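J.: using only what follows, build the 3D model:
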Amino acid sequence: MLNAVIIADGAFPVHKVPLGYLDKADVIVCCDGSAESLLNSGKIPDAIVGDMDSISNELKIRFSDRIFVEDNQETNDLTKAVGWCHNSGYNDITILGATGKREDHTIGNISLLAEYSRFINVKMVTDTGIILPFHKSCRLKTFPGQQISIFSIDPETEITSAGLRYPLVRRKLKNWWEATLNEAVGDEAELLFDGGPIMVFLIHR
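T.: This next block holds a predicted model:
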């Protein structure tokens, strides 16, 4: 399966894990203004998607052959880039640069993973960890002592865990803080639930 990396216009990554995904990408797609940050890192975008309201005229001219204007104001540039990847046959997507700078953008971008994961394989990688969306029970590769936080989109979803220091037993997460800062005890953790979706954050080694 071909994989795409989308660079959102948040804080450009500096950690070796997100940069590793960038190095191995089959295609690099920039959300509008993130093209300049990518160029500053020494890489060139394969596509630039968005409403082009935060990209210089110089870059518009330089990359006119790979700019895809999508000016629908009902979606943000990240959603436009995900749609472009999906329509272009890239269904394994890693999102970088979606956090940092503005907290409202960060929260919105993370919440969108629940929507994207209905039709593509997607994850968000930051300088501190990986955020994974799930719509059904899942197994996670972990390492002993790895910090894990779990967030439920639907507060009525019951979650049971295995392999965590602080077990969840048919727990309904009524607020986002309730299952944060848990910890893996071995090489695998399991989350059992119906409903969802849920978000899982795993800190880098």
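J.: name the element the most centrally placed residue in the chain belongs to?
T.: Most central in the chain under C-alpha atoms, centre = their mean is residue 124, positioned 2.0 Å from the mean C-alpha point. Using DSSP states H and E, residue 124 sits within strand 121-125.
J.: this structure: strands as residue ranges?
T.: For the chain, applying DSSP state E gives strands covering 3-7, 27-31, 47-50, 67-69, 92-96, 121-125, 129-134, 138-141, 147-152, 158-162, 171-172, 179-183, 188-193, 198-203.
J.: wait, which of these is closest to residue 78?
T.: Closest approach to residue 78 among the strands of the chain (C-beta to C-beta): strand 27-31, 5.6 Å. (Each C-beta comes from the backbone N, C-alpha and C, glycine too.)
J.: give me the domain ranges for this protein.
T.: Annotated domains of the chain cover 3-127, 133-203 [automatic domain parsing].
J.: okay, those domains in a markdown table with mean pLDDT next?
T.: Below are the domains of the chain laid out as a markdown table (pLDDT from 0 to 100):
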| stretch | mean pLDDT |
| --- | --- |
| domain 3-127 | 93 |
| domain 133-203 | 96 |
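J.: just the ones you listed: most buried one?
T.: domain 3-127 (a mean of 18; mean count of other C-beta atoms under 10 Å).
J.: measure that one end to end?
T.: 20 Å (C-alpha to C-alpha, to the nearest Å).
J.: chain center to it: distance?
T.: Remark: domain 3-127 is offset 10 Å from the chain centroid, using C-alpha atoms, centre = their mean, to the nearest Å.
J.: next: stretch 157-173.
T.: 23 Å.
J.: nearest residue to residue 115 other than its sequence neighbours?
T.: Computed as C-beta to C-beta, 6 or more residues apart in numbering, the closest residue to residue 115 that is not its neighbour in sequence is residue 79, at 8.0 Å.
J.: just to revisit the earlier point, pairing partners for the strand holding residue 124, with directions?
T.: Strand 121-125 pairs in its sheet with strand 92-96 (parallel), strand 129-134 (antiparallel), by DSSP bridges.
J.: what's in contact with the longest one?
T.: Read that as strand 129-134. Identification of contacts with strand 129-134 by C-beta atoms under 8 Å, 6 or more residues apart in numbering yields 17, 110, 113-114, 116-117, 122-125, 140, 191, 196-204.
J.: what about 6 Å?
T.: Strand 129-134 is contacted by residues 113-114, 117, 123-124, 197-204 when judged by C-beta atoms under 6 Å, 6 or more residues apart in numbering.
J.: which of the residues you listed sits closest to residue 3?
T.: residue 123 (10.6 Å).
J.: run through the bridge partners of that closest one.
T.: residue 94.
J.: which residues touch it?
T.: 94, 130, 132.
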